[in-house]
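[1] The sequence and its predicted three-dimensional model are supplied below.
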Amino acid sequence: MRTGFTWRIVTIFVVLLLAIIFFVPNLANISWWPTKDKIRYGLDIQGGLYLVMGVDVPAVLRESSDRLAETLSNEAKDNGITLTSSGRDKSNAENLDIHVVTASSGDSDKVRDLLKKQYGTNLLVNSGASETELVVRYSDLYLTDLKKRTIEQSIETIRNRIDEFGVSEPSITAQGDNHILVQLPGIQDAARAKDLINRTARLEFHMVDTSIPQPQLASLIAEAEKIGQFQLKGMKYSEYINKLDDALKGKIPEGTKVLFQKNENAINLEAGKVPYLLKKEVPIAGDNLKDAYVAIKQDYNEPYVSLSFNPEGAAKFATLTGENVHKYLAIVLDNVVYSAPIINQKIPNGNAQISLGGSRNRQAMMDEAKGISMALRAGALPAALEQLEERTVGPTMGLDSINRGKKASLIGAILVILFMLFYYKGAGLLADLALLINVFLILAVLTALNATLTLPGIAGIALTIGMAVDANVIIFERIREELRHGASYKTAIVLGFDRAFWAIFDANICSAITSLILMHYGTGPVRGFAVTLVTGIFTSMFTAIFVTRTLIDLLVEKVGLKKLSV
Amino acid sequence: MSEKQREHQSEVHTPLKKEDVVNIDFVKAIGIWAVISGGLTLASIILIFTKGLNYGIDFSGGTEVQVKFAQSVSPEEVRAFTDSQGFKDAMVQQFGTGDSSEYLIRLEGKIGATDKETNENLKATITKAQDSIKAKWPTSEIRRIDTVGPQVGNQLKRNGILAVFYSLLCILIYVGLRFDYKFAPGAVICLFHDSVVTLGVFSLLGKEVNVQIMAAVLTIIGYSLNDTIVVYDRIRENFNKYKGRALGELINKSINDTLNRTILTSLTVFLATLSLYLFAGGVIEQFSFAMLIGIILGTYSSIYVASPFILLLDKWRKDPLHQPVSNQQRKPAKA
């Protein structure tokens, strides 16, 4: 392909031009420039927070199924059918089957029809062990969709919470099918960010069961504590209510549980708590919440949290309040009762209030109101998040690292350039030129792809410099060999490039294979390294073979260089 | 064209030209080198399984804090501090150069009954570490904190092993397709040798192995192959050029022909990596150390391990490569 010399030069120019176009934003902000992206620096260079959160998807599926069991019970009742029982086999955490037992086989047929009408293909209804039993579960398609929605909603929620922080380029993405990766470059207050992300703020509404008066309830609890030898102090709140639930089985009505509200004057739950007997059913939850903000109660000048629901939630809320006038509705946040106001009338517009209560100083109440509304407004998490991995890099650390990294890469590059110059002289100079173009191309490609340059990535560039000249070494050695065999310069050059091509190609492909595998399995800085390496492999194939060859041809044929020192 | 003429010339029995100054008989000493390489590999495997690798928190989980103190603090002071805070088995290491002002402190989170508990413990550990360090040394600066929970640690370990496995597999297939299936095992054994001995050195020196080191191992696998391919390519060319010659002779000639290439290409990467090792510091320093070992091993193994393996395989198999049957159906030697 020694013809078409012109288009080779043109190709190189076009490539260089494109590279310059993409690269310039890194150097200066020119308003009319066609491209805007700069190179992104990884967290290890910028500093910031890197979090991997695990989403407890199985728990979501379980809860959904449990909620469904309750809902089925009520729906059946609405249609005049009383179910003997409806519930999941709780002992098996993986099993999502709901066993619905009816009074007669006729009833079970009615239920089957009812479910088909209401839920269609979302539910799988099969016969159970006997004529009167049905086994109901969500279809796999529905479950897969639910999983996806859970992750997406969690990501959305976290994103909203992070927005409050004003981080410049937050990155919140799904990793695998149950992890979420949160990257917050340059964040100042990592502790607060983590706190906000971790805060579950699970909002649930429960009807209060007033069948057991307060004092009796309190003494039941005290008794259970004494028998079971446990108390809230020294254990987690969630553990405590579970233990209590077990201990009070049979003593409290079926389908109820006990949750607590912090005593007005106490500093925390441990110091003083008020028990509430609540129905387990959750008619409305946080996912129906549209907005939550701090408002001031006119008469006492007290802050409170005002909630409003989305249309679906407002409809549910209207039904709920309509059916339960003069009953109490508990507003529960993370299993803590915040408020249990009486329902005076049906509320059709979907607005509710969380009163903070207490005569604490206004500032403390304000802070609390803000905290709750922020967490609520940013969305309630559909599932509990578990923090699996955290890496925080301080700002000075990153700066230090990148300076040293740049210095080391530069020295490495100079060593290689000098070596090529001394060992291959004239040809070496050309190789060095190609090398510089190579580095420039790598940076341009990374900018264009909006890839992230990490610290190992900078090391990767240094490595690529060393590897890129390998191609030239192979070619030049081959040329030397052919010269020794007595070929003319021109022939030697042709042979050198042709013969060496496949070896270089195979070698680079193998390096590319391992780099691509590393890119797939790597995370964070290592991934940045792999991306840089892969980019370098491809650009170096271009520069070492195409560019160098064109330059040499240019000199030997066009400029008429008789002898190229190699 | 003179090119075609020359090729035709060589098709006929041509005496192997005494090409260059270099004409070392590598293949003759194959026995000795096999023992050395085999011994190194075996020793490394034994070391890895007995002494074990010093897993960083990436693989074993835990918390690592990098602290820079404004004043000079002795290691004993730091250890006393970690003890007083109840961080049992904390590892305190001085970091960086000379002045004793920067430290790496590695803390284990209390292993809970479930992974969830361990994660929570780790979270608590971070806050505690941060607060207590700030309390005792207000002017200190926490440069970096890394925490890895047990699930992620296991996943990273698994991914590392899978990555190495798949790389070796892909290379096996690729080399087998592009050259000859007899060439492939030699290449893969060569790479296996390189990565295992590198890890063996890390085990011997007790150096920490984390994800960056695994990345280095993978890079070594990809890169060390370059040398091997250069030799293989020459063997392929010589094989087609000098028909009827003994395979051993051909291999020898090929290695000799490409000797300066093999050494020089490794030299350039060695120079670049050396600079990284000396000047970059931190995580890159350990990474480049692994690369340096890998490069040296890679060069050595391309000469002494990969090619002789072809010979070995050839001797075992019923259809030896060096029979004068022309293998025209294979790709003509282009390089």
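    That came in fine, so what should we check first? Numbering: from 1, shown residues only, chains lettered A, B, ... in the order given.
[2] And the next helix or strand past the helix or strand residue B:58 falls within?
    Assigned by DSSP states H and E, residue B:58 belongs to helix B:57-60. Remark: after helix B:57-60, the chain's next helix or strand is strand B:62-68, criterion DSSP H and E.
[3] Need the nearest residue in space to residue 260, chain neighbours excluded.
    No chain specified, so I'll use chain A. Spatial nearest neighbour of residue A:260, chain neighbours left out: residue A:273 (4.1 Å); criterion: CB to CB, 6 or more residues apart in numbering or on different chains. Where C-beta positions appear, they are placed from N, C-alpha and C, glycine not excepted.
[4] actually it's chain B I care about, not the one you picked
    Residue B:260 sits nearest to residue A:477 (CB to CB, 6+ apart), 6.1 Å away.
[5] mind listing the strands for the stretch 151-300 of chain B?
    With DSSP state E, counting those that start in this stretch as the criterion, the stretch 151-300 of chain B has strands at B:208-209.
[6] so where's it uncertain?
    For the stretch 151-300 of chain B, no stretch has pLDDT under 70.
[7] try the stretch 51-200 of chain A
    Those would be A:164-166, A:199-200, if you go by pLDDT under 70 across the stretch 51-200 of chain A.
[8] Can you name the next helix or strand after the host helix or strand of residue A:206?
    Here residue A:206 sits within strand A:203-207, counting by DSSP H and E. Counting by DSSP H and E, the element after strand A:203-207 in chain order, helix or strand, is helix A:214-228.
[9] can you list the domain ranges for the chain.
    Chain wasn't specified; assuming chain A. Split into domains by automatic domain parsing, chain A comes to A:5-42+A:396-558, A:48-198, A:199-382.
[10] Not quite, go with chain B.
    Using automatic domain parsing, the domain parsing of chain B gives B:25-55+B:153-316, B:63-147.
[11] need the helix or strand of chain A with the lowest average pLDDT.
    Ranked by mean pLDDT, DSSP states H and E, the weakest helix or strand in chain A is helix A:362-377, scoring a mean of 70.
[12] longest single helix anywhere in the chain?
    Just going to use chain A. Counting residues, the longest helix found in chain A (DSSP state H) is helix A:395-448.
[13] Let me rephrase: I mean chain B.
    helix B:211-241.
[14] Quick check: residues of the stretch 1-150 of chain B near chain A?
    Counting by CB under 8 Å from any CB of the partner chain, the stretch 1-150 of chain B comes close to chain A at B:2-3, B:19-20, B:66, B:116, B:119-120, B:122-123, B:126-127, B:130, B:141-149.
[15] where exactly do the helices run in the stretch 51-200 of chain A?
    Using DSSP state H, counting those that start in this stretch, the helices found in the stretch 51-200 of chain A span residues A:57-78, A:105-119, A:140-163, A:190-198.
[16] Residue B:89 - how many residues pack around it?
    Each residue near residue B:89 was counted by other CB atoms under 10 Å in any protein chain shown, and the total is 10.
[17] ok, it - contacts?
    By CB atoms under 8 Å, 6 or more residues apart in numbering or on different chains, residue B:89 lies in contact with residue B:108.
[18] Could you look up the SS state of it?
    Following DSSP: H, G, I helix; E, B strand; the rest coil, the label given to residue B:89 is coil.
[19] wait, isn't residue A:388 in contact with residue A:55?
    No: between residue A:388 and residue A:55 there is no contact under CB atoms under 8 Å: 10.2 Å.
[20] Mind listing the shared neighbours of these two?
    Between them, residue A:388 and residue A:55 share these contacting residues under CB under 8 Å, 6+ apart: residue A:179.
[21] now residue 34, nearest residue through space, not along the chain?
    Going with chain A. Nearest-residue entry for residue A:34: residue A:21, 6.3 Å, with adjacent residues in sequence omitted and distances by CB to CB, 6+ apart.
[22] nope, chain B please
    In space, and not counting its chain neighbours, residue B:34 is closest to residue B:308: 7.1 Å by CB to CB, 6+ apart.
[23] Double-check that the one you found belongs to a helix.
    Yes: the assignment for residue B:308 is a helix, going by three-state DSSP.
[24] Mind telling me which residue of the stretch 101-250 of chain B is nearest chain A?
    residue B:222 (3.2 Å; CB to the nearest CB).
[25] Within the helices and strands, which one has the closest residue to that residue other than its chain neighbours?
    Leaving aside its chain neighbours, residue B:222 sits nearest to residue A:514 (3.2 Å; criterion: CB to CB, 6+ apart). Secondary structure assignment for residue A:514, by DSSP H and E: helix A:489-521.
[26] try residue A:483
    Secondary structure assignment for residue A:483, by DSSP H and E: helix A:455-484.
[27] okay, the angle between that helix and helix B:211-241?
    Interaxial angle, helix A:455-484 versus helix B:211-241 (axes from the mean of the first three to the mean of the last three CA atoms, to 10 degrees): 20 degrees.
[28] Rounded mean pLDDT for helix A:455-484, please.
    Regarding helix A:455-484, the rounded mean pLDDT is 88.
[29] Mind giving me the packing neighbours of that helix?
    The contact analysis (3 or more CB pairs under 8 Å, 6 or more residues apart in numbering or on different chains; DSSP states H and E) places helix A:455-484 against helix A:395-448, helix A:489-521, helix A:524-541, helix B:211-241, helix B:259-279, helix B:282-301.
[30] Out of the ones you listed, which gets nearest to residue A:99?
    Distance to residue A:99, taken as CB to CB, is lowest for helix A:489-521 among the helices and strands packed on helix A:455-484, at 42.7 Å.
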